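# the amino acid sequence is not available; the structure is as follows:
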């Protein structure tokens, strides 16, 4: 045995070669606390928590210093991306769907050109397992990877497809977790197409950005398992029943990566105290709050 | 300003002077996984996780190497305390209440004499906040600090007091979390008293060690709040209702230190998938499992 002859192991080599993961959010100042919970849970439950975090924002967030400090504590590289006031003046907005949610559709115009891929996450998500199986996915010519939220029955699915007239798409995707193949997106996703579509379909859009994504690009989305990559916490019981018990609590805890607190009842709203995984969410929220003491 | 004149701040001084906390468990090989979840959650949620962990065991646990490795990873000092086969031959035991649960009653005989206090924990507990407010409590002439589990109505309370004939005690205590004032215990808690009591009351003991503790020493237990220091997860709804909403989920997440999964339904049993805080428990169980990969 030659003790002197030390060569790096395969895992050391791959560890050394591993690049930081790019994560994308799109928030306003009202969602900073939730963003921090999502990011903290992602950091804590990742095997390779070397992160470049890009945050799309209309104007520079008032809480920038707070975010920067938070990211410093976790050694996360924070990259604010300022979109400006006038980028989406023509797009329909409501209180429930602020202008910011459009940003992900044209994120590639604002992100550095050096990025080949990025993982977009809504800020109402708790990350409970390592994201790299999704992040490392090679989706080739697909523009995006995402999950559908309509497996409980085909009706919503068909209704949405008819409504949005994209018969080529297999399903209707939820855009809350969205792996972006930026190289291909830069070639195929065009601002003019998106603005035209919104202008012509304004009244038909329930969830404007998600609808646009499905209508224009639904057939170019690689479908991943919603139970793992976009678990709608409201439907835990349905997931478990439909899968004949496969997606029980044990399985969700061990395998689900993104718990998505969809709908109007959120774990951070004090008037909605109970819900599936609300305790787990609140525990992480509490850990973030303690970090800042 | 004199930059050279650096003196330690108050917090640095107290940090430096802080002694490791002594934690006590009593388990057999069938409870090692649960013990690790309790200990890991205690470690993760403690501000001063410098820990000396003592584990009472009949024979040297078969999983000693596994425990030692686990403690090494967390930089916890592991102290196995072997009780031996013949220490409690006369005590009543059943499948549900193995001989090991008696050990806490006479732990002071087996622990190093240098220890002044120790915090005993059942291994079906999840620690979700810093334990030091309880650990640092100065209980003077009391033997123990513990919580009662009978605030929902006085009936169980009175029934247990009558059954155990300790009218001096204010209530019936749960012995799942037990701060031990070892100095006083060494003076007042006598093996012969305990064995005599068990021998004379064998048929009346439902939860033998807890009953003995209450019967002989109930009046020398300092009562702490069960919602913080021994939260019976089965009764979350009752806690919330009785407190007129004070003990809602937010409060429990922020203030409760010990979530105690009392009763037969445990989060680690695959045939009991749902229950209050089962997801939080399972998440920690999963974190421990990942640690060992």
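Noted; the coordinates are in hand. None of the values given here were measured: they were computed from a predicted structure.
# give me the next element, helix or strand, following the longest strand along chain A.
Assignment by DSSP state E gives strand A:173-181 as the longest strand of chain A. For strand A:173-181, the succeeding helix or strand toward the C-terminus, using DSSP states H and E, is helix A:182-188.
# around chain B, pick out the residues from chain A.
A:128, A:248-250, A:252-254, A:270, A:273-274, A:276-280, A:282-283, A:285-286 (Cβ under 8 Å from any Cβ of the partner chain). Where C-beta positions appear, they are placed from N, C-alpha and C, glycine not excepted.
# ok, residue A:76 touching residue A:46?
No - the criterion here is Cβ atoms under 8 Å, and residue A:76 misses it with residue A:46 at 10.7 Å.
# please say which of those two ends up with more neighbours.
Taking other Cβ atoms under 10 Å in any protein chain shown, residue A:76 and residue A:46 do not tie; residue A:76 has more neighbours (22 against 19).
# if I look at that one, how far off is residue A:44?
For residue A:76, the distance to residue A:44 (Cβ to Cβ, to the nearest Å) stands at 12 Å.
# next: residue A:24.
For residue A:24, the distance to residue A:44 - Cβ to Cβ - is 19 Å.
# over to residue A:291?
11 Å.
# and these two? Which one has more around it.
residue A:44 (15 against 12).
# look up how far residue A:218 lies from the most centrally placed residue in chain A.
Per Cα atoms, centre = their mean, the C-alpha nearest to the average position across chain A is that of residue A:121, at 1.8 Å. As judged by Cβ to Cβ, residue A:121 and residue A:218 stand 20 Å apart.
# name the SS class of residue A:214, please.
Residue A:214 falls in the helix class when you classify it by DSSP: H, G, I helix; E, B strand; the rest coil.
# just give the number of residues close to it.
25.
# now the stretch 1-150 of chain A against chain B: closest residue?
residue A:128 (6.4 Å; Cβ to the nearest Cβ).
# got a list of what that residue touches?
Contact analysis of residue A:128 by Cβ atoms under 8 Å, 6 or more residues apart in numbering or on different chains lists A:41, A:45, A:253, A:256, A:257, A:258, A:259, A:280, B:283.
# all strands for the stretch 151-293 of chain A, in order.
A:173-181, A:221-224, A:231-232, A:258-260 (DSSP state E, counting those that start in this stretch).
# redo those as CSV? Include mean neighbour count, mean pLDDT and distance to residue A:111.
Output for those, formatted as CSV (neighbours: other Cβ atoms under 10 Å in any protein chain shown; pLDDT from 0 to 100; distance: least, Cβ to Cβ, whole Å):
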stretch, mean neighbour count, mean pLDDT, distance to residue A:111
strand A:173-181, 24, 95, 9
strand A:221-224, 20, 94, 19
strand A:231-232, 27, 96, 27
strand A:258-260, 25, 98, 21
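# for chain A, which segments are assigned as helices?
For chain A, the helices defined by DSSP state H occupy A:10-17, A:32-44, A:64-73, A:107-110, A:132-135, A:154-164, A:182-188, A:191-201, A:208-217, A:226-229, A:236-242, A:249-255, A:278-291.
# CSV for those, including mean pLDDT?
Formatted as CSV, these follow (pLDDT from 0 to 100):
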stretch, mean pLDDT
helix A:10-17, 47
helix A:32-44, 98
helix A:64-73, 97
helix A:107-110, 95
helix A:132-135, 95
helix A:154-164, 58
helix A:182-188, 97
helix A:191-201, 81
helix A:208-217, 86
helix A:226-229, 96
helix A:236-242, 91
helix A:249-255, 95
helix A:278-291, 96
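# do you know which of the ones you listed lies nearest residue B:266?
helix A:249-255 (12.6 Å; Cβ to Cβ).
# just give the number of residues close to residue A:49.
16.
# so what's it up against?
A:42, A:43, A:74, A:76.
# in contact with the closest residue to the first one other than its chain neighbours, which residues?
What sits nearest to residue A:42 in space, not counting adjacent residues and going by Cβ to Cβ, 6 or more residues apart in numbering or on different chains, is residue A:127, at 4.0 Å. Taking Cβ under 8 Å, 6+ apart as the definition of contact, the neighbours of residue A:127 are A:38, A:41, A:42, A:45, A:46, A:121, A:257, A:258, A:259.
# residue A:208 contacts residue A:198, doesn't it?
Yes - counting by Cβ under 8 Å, residue A:198 is a contact partner of residue A:208 at 6.7 Å.
# if we can go back for a sec, for ChimeraX, what selects the buried ones among the residues of chain A next to chain B?
Buried residues among the residues of chain A next to chain B (16 or more other Cβ atoms under 10 Å in any protein chain shown), as a ChimeraX selection:
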select /A:128,249,250,252,253,273,276,277,278,279,280,282,283,285,286
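# one step back: model confidence at the residue nearest to residue A:42, what's the number?
Looking at residue A:127, its pLDDT stands at 98.
# same thing with residue A:207?
For residue A:207, pLDDT reads 71.
# and residue A:7, by the same measure?
pLDDT, residue A:7: 44.
# can you check residue A:120 too?
pLDDT, residue A:120: 97.
# tell me how far it lies from residue A:112.
Counting by Cβ to Cβ - residue A:120 and residue A:112 are separated by 15 Å.
# neighbour count for those two, which is higher?
residue A:120 (22 against 12).
# isn't that one up against residue A:107?
Yes - counting by Cβ under 8 Å, residue A:120 touches residue A:107, with 7.1 Å between them.
# list the residues that contact both of these two?
A:24, A:26, A:180.
# and these as TSV, adding distance to residue A:235?
Converted to TSV, those look like this (distance: Cβ to Cβ, whole Å):
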residue	distance to residue A:235
A:24	25
A:26	24
A:180	25
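# and of these, the nearest to residue B:51?
Using Cβ to Cβ, these come closest to residue B:51 at residue A:24, 39.7 Å.
# who is the residue lying closest to that closest one once chain neighbours are set aside paired with across the strands?
Distance criterion Cβ to Cβ, 6+ apart; nearest residue to residue A:24, sequence neighbours excluded, is residue A:120 at 4.3 Å. For residue A:120, the beta-bridge partners under DSSP bridges are residue A:24, residue A:178.
# in the sheet, who's paired with the closest residue to residue A:229 other than its chain neighbours?
Ranked by Cβ to Cβ, 6+ apart and with sequence neighbours excluded, the top spatial neighbour of residue A:229 is residue A:147, at 5.1 Å. Beta-bridge pairing of residue A:147 under DSSP bridges involves residue A:174, residue A:224.
# which one among the contacts of residue A:127 gets closest to residue A:193?
residue A:121 (24.5 Å).
# would you quantify the distance from residue A:140 to residue B:118?
With Cβ to Cβ as the criterion, residue A:140 and residue B:118 are 60 Å apart.
# who has more neighbours out of these two?
residue B:118 (24 against 8).
# check contacts around the residue nearest to the more buried one when sequence neighbours are not counted.
Here the nearest residue to residue B:118 in space, its sequence neighbours aside, is residue B:22; by Cβ to Cβ, 6+ apart that works out to 4.1 Å. Listed by Cβ under 8 Å, 6+ apart, the contact set of residue B:22 reads B:52, B:53, B:54, B:115, B:117, B:118, B:119.
# any idea of the pLDDT on the second one?
pLDDT, the model's per-residue confidence, is 98 for residue B:53.
# great, nothing more from me.
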